[in-house]
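**Student:** Using only what follows, build the 3D model:
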Amino acid sequence: MFLEREHNLFIKNTVSKIKSINAFIHNTKFFIQYCDMNQILTKKVKAFFKNTPSKRMPNYNKHGGFQYNNYKAFMYYAPTNKNLPYLSLTTSDSSYSALSKLNQIIPNLELSQIEYTIDLFCQDEAHIVDLFYLLRKNMFFSKCKDTSTKLGGKVSRTDLERTTNAVYQVNFKSKSRYIKIYERGHDNKKKYTLKKKKVY
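**Tutor:** The predicted model follows:
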């Protein structure tokens, strides 16, 4: 009973130290199954094209990009694999205004991938560690099979001793449903994160 009460108090205290929450679309990727690159951007924006692969998307033989308003789009086309769509496109901004403007320029884009981000801001780095632990322990992900903790050294409950932030990955082998939970703080201020032992 005492352990449960202590644990509930730990949860309440950790959650109360969340200062703000910011949810937004972080990243979007689009595709076109087939298109004529000589016509797709004619008289709409100034684009650049390179007849070489990009390190970001090596499965495409060519790449390019263009700027519209204050936004940028990056294009990868001419795939090495015939099963891939002819054009893959990513943007530097996924706000409503950016995507609306992009739709006016290239109206036949189809959605390939979308990445949602939820930022939780804490009062200090000690509570970041606690919140990172609570999220790993209590969040439920439907139909997710694999988890992995990368970077930051060993993660064991909240009894931590490491000098860099960790990344918790859920369903990391999947190409369609992939979640990351980042422990964020100032690495250069961490000599060691020393926490009293908890047995939750």
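**Student:** C-alpha from now on. contacts and neighbour counts both.
**Tutor:** Will do.
**Student:** so where is the chain shaky, pLDDT-wise?
**Tutor:** Across the chain, the stretches falling below the confidence threshold (pLDDT under 70) are 1-2, 41-43, 150-164, 172-176, 185-200.
**Student:** can you give me the strands in it?
**Tutor:** For the chain, the strands identified by DSSP state E occupy 18-32, 47-50, 60-68, 71-79, 87-91, 110-122, 147-150, 167-170, 179-182, in order along the chain.
**Student:** Mean neighbour count and distance to N8 for the ones you listed - can I get that in TSV?
**Tutor:** What follows is the strands of the chain, written out as TSV (neighbours: other Cα atoms under 10 Å; distance: least, Cα to Cα, whole Å):
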stretch	mean neighbour count	distance to N8
strand 18-32	15	16
strand 47-50	13	56
strand 60-68	19	50
strand 71-79	20	45
strand 87-91	22	42
strand 110-122	14	19
strand 147-150	14	25
strand 167-170	19	23
strand 179-182	17	22
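**Student:** Next, format these as TSV and append distance to L3.
**Tutor:** Conversion of the strands of the chain to TSV gives the following (distance: least, Cα to Cα, whole Å):
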stretch	distance to L3
strand 18-32	23
strand 47-50	62
strand 60-68	56
strand 71-79	52
strand 87-91	48
strand 110-122	25
strand 147-150	27
strand 167-170	26
strand 179-182	27
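**Student:** of all the ones you listed, which lies closest to F10?
**Tutor:** Counting by Cα to Cα, F10 lies closest to strand 18-32 out of the strands of the chain; the figure is 13.3 Å.
**Student:** Excluding its own residues, what touches the closest one? List them.
**Tutor:** Contact with strand 18-32 is made by 85-95, 108-123, as judged by Cα atoms under 8 Å, 6 or more residues apart in numbering.
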